[in-house]
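Asks: no FASTA, just this:
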């Protein structure tokens, strides 16, 4: 298949039909240009798209059906925009989506069904937003391996939020306002290898089960134990 890359870094608002009905189009990049609006049918008929990047465009919203029918998409990058919220069903049907980057926006809410059906999702970044609360949003992402939530306004990470993240290996919660972690943290995150809790309001950490080493203040320690992997924790108690 021919790979066609469309880069709008030097153009203004795109023609609404610029990316429609292009079966050979596999990659689209819209970067470094002010986009006031994208339509529901922006990618209509371009069903072989695998990579979509809408980056640094000043977009404040996206329509709910913009990714509808794009069943081959594996990577979506929406970082460095002005998105305050997203429709609850915007990613529905993207069954082979593996990577989703929503970092550096103004998201203040994550709807509990936003990630429903994303069974192939492995990497999710919500860093550098304004999120203060997470619902039970990860129940539809059983294969998630890396989750980045740094530089938000989270105050609580509950058992209900992380209980479905059995395959998670990397979790970055640094630079939030978290005061408490569930006692079941390590049981819930049974595959975790890297846990970054730096710059929060934590005073204590849940006890590490079956491990003989402890975390150092404001540092990272590789902690061997009965698990089959090494666990690295960054923790700075207040």
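Replies: Sure, I can see it. Since the structure is predicted, the reported quantities are computational estimates derived from the model, not experimental observations. Numbering: from 1, shown residues only.

Asks: pLDDT score for the residue nearest to residue 56 when sequence neighbours are not counted?
Replies: Using Cβ to Cβ, 6 or more residues apart in numbering and skipping residues adjacent in sequence, the residue nearest residue 56 is residue 80, 4.3 Å away. (C-beta placed from N, C-alpha, C; glycine too.) At residue 80, the model reports a pLDDT of 96.

Asks: so who does residue 80 touch?
Replies: For residue 80, the contact set (Cβ atoms under 8 Å, 6 or more residues apart in numbering) comprises 55, 56, 103, 104, 105.

Asks: neighbour-wise, which of those residues leads?
Replies: Within these, neighbour counts (other Cβ atoms under 10 Å) peak at residue 105, which reaches 24 neighbours.

Asks: what about the helices in the protein?
Replies: 159-162, 185-188 (DSSP state H).

Asks: format those helices as CSV; extra columns: mean pLDDT.
Replies: What follows is the helices of the chain, written out as CSV (pLDDT from 0 to 100):
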stretch, mean pLDDT
helix 159-162, 92
helix 185-188, 91
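
Asks: how about those helices in CSV, adding distance to residue 236 and mean neighbour count?
Replies: Formatted as CSV, the helices of the chain follow (distance: least, Cβ to Cβ, whole Å; neighbours: other Cβ atoms under 10 Å):
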stretch, distance to residue 236, mean neighbour count
helix 159-162, 20, 17
helix 185-188, 17, 18
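
Asks: how about those helices in TSV, adding distance to residue 173?
Replies: Listed next are those as TSV, based on distance: least, Cβ to Cβ, whole Å:
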stretch	distance to residue 173
helix 159-162	10
helix 185-188	11
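
Asks: nearest to residue 71, of these?
Replies: With Cβ to Cβ as the criterion, residue 71 lies closest to helix 159-162 of the helices of the chain, at 28.6 Å.

Asks: where does the prediction get shaky in the chain?
Replies: The model of the chain has pLDDT under 70 over residues 1-16, 209-230, 238.

Asks: select the longest strand from it.
Replies: strand 25-31 (DSSP state E).

Asks: show me what that strand is packed against.
Replies: Applying 3 or more Cβ pairs under 8 Å, 6 or more residues apart in numbering; DSSP states H and E, one finds that strand 25-31 contacts strand 4-7, strand 51-55.

Asks: partners of that strand in the sheet?
Replies: Strand pairing for strand 25-31, using DSSP bridges, gives strand 4-7 (parallel), strand 51-55 (parallel).

Asks: ok, the contacts of residue 80 vs residue 25, which is closest?
Replies: residue 55 (17.5 Å).

Asks: what about the strands in the protein?
Replies: Counting by DSSP E, the strands of the chain are 4-7, 25-31, 51-55, 75-77, 99-101, 123-125, 146-148, 170-172, 194-196, 219-223, 231-235.
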